[in-house]
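*Asks:* Pasting a predicted model and its sequence here:
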Amino acid sequence: MVEEVVKYIQAKEVGEEVLITIQKGEEIKEYKIPTIANRDEPGKAALGIYVRTLNWHPLLPLKIDIETGPVIGPSAGMMFVLEILDRLLPENLTGGYRVAGTGTITIDGKVGGIGGIKQKVIAAEQAEIDYILVPEENYGEAVQAAGRINVVSVRDLDEALVFLQSLERTAGYGRRADVMRQGTFSFCI
């Protein structure tokens, strides 16, 4: 995925060579390209090329359709994953609480930082959300923007799940089979 490629390159020293494999049709070529100084992030390496994920589709054991509505961009990645898990599991992950969150997610479950965290915390607070899950790198700014909302820092999907499972279940909270589902996830886009 693109995020992994960027992080891999940025971890190199400026001038260090990176092996790039390019496939065009059936033809495969390999190139060793030296990194250059990153214009946007001083001290980090870059290649000076545009990288994007092309025609990648996950292999899933079942069909999942997500209607995103106004939600666009990668910052809802963690919340999409949590909502899918919530629907697949017999017990609601929120424990009856209103939980919002934001953060990109990598293929291996790492939660990445996002922009506009202050606005997202304020919006969650105005929506009377109980907890907001935020990427570790945005935690400080999120806490500064928070009033009464509980801000929870997460590095990866496992930390988010451990936190959700640690919540004391609220009165009236039930299992998925109950007619009325208690607690919800909310997206912060």
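*Replies:* Received the coordinates, thanks.
*Asks:* center of the protein - which residue?
*Replies:* By Cα atoms, centre = their mean, the mean C-alpha position of the chain lies nearest to T104, the distance being 2.5 Å.
*Asks:* pretty sure that residue contacts V111?
*Replies:* Yes. Using Cβ atoms under 8 Å, T104 is in contact with V111, at 6.9 Å. Quick note: C-beta positions are derived from backbone N, CA and C, even for glycine.
*Asks:* list residues touching both of those two?
*Replies:* G77, M78, P135 (Cβ atoms under 8 Å, 6 or more residues apart in numbering).
*Asks:* would you list these in JSON lines and tack on distance to S166, secondary structure and pLDDT?
*Replies:* Listed next are the shared contacts of T104 and V111 as JSON lines, based on distance: Cβ to Cβ, whole Å; DSSP: H, G, I helix; E, B strand; the rest coil; pLDDT from 0 to 100:
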{"residue": "G77", "distance to S166": "22", "secondary structure": "helix", "pLDDT": "90"}
{"residue": "M78", "distance to S166": "17", "secondary structure": "helix", "pLDDT": "94"}
{"residue": "P135", "distance to S166": "19", "secondary structure": "strand", "pLDDT": "97"}
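*Asks:* with those residues in mind, which one is nearest to Q144?
*Replies:* Of all the shared contacts of T104 and V111, Q144 sits closest to P135, with 15.0 Å by Cβ to Cβ.
*Asks:* Residue ranges of each domain in this structure, please.
*Replies:* 2-46, 74-187 (automatic domain parsing).
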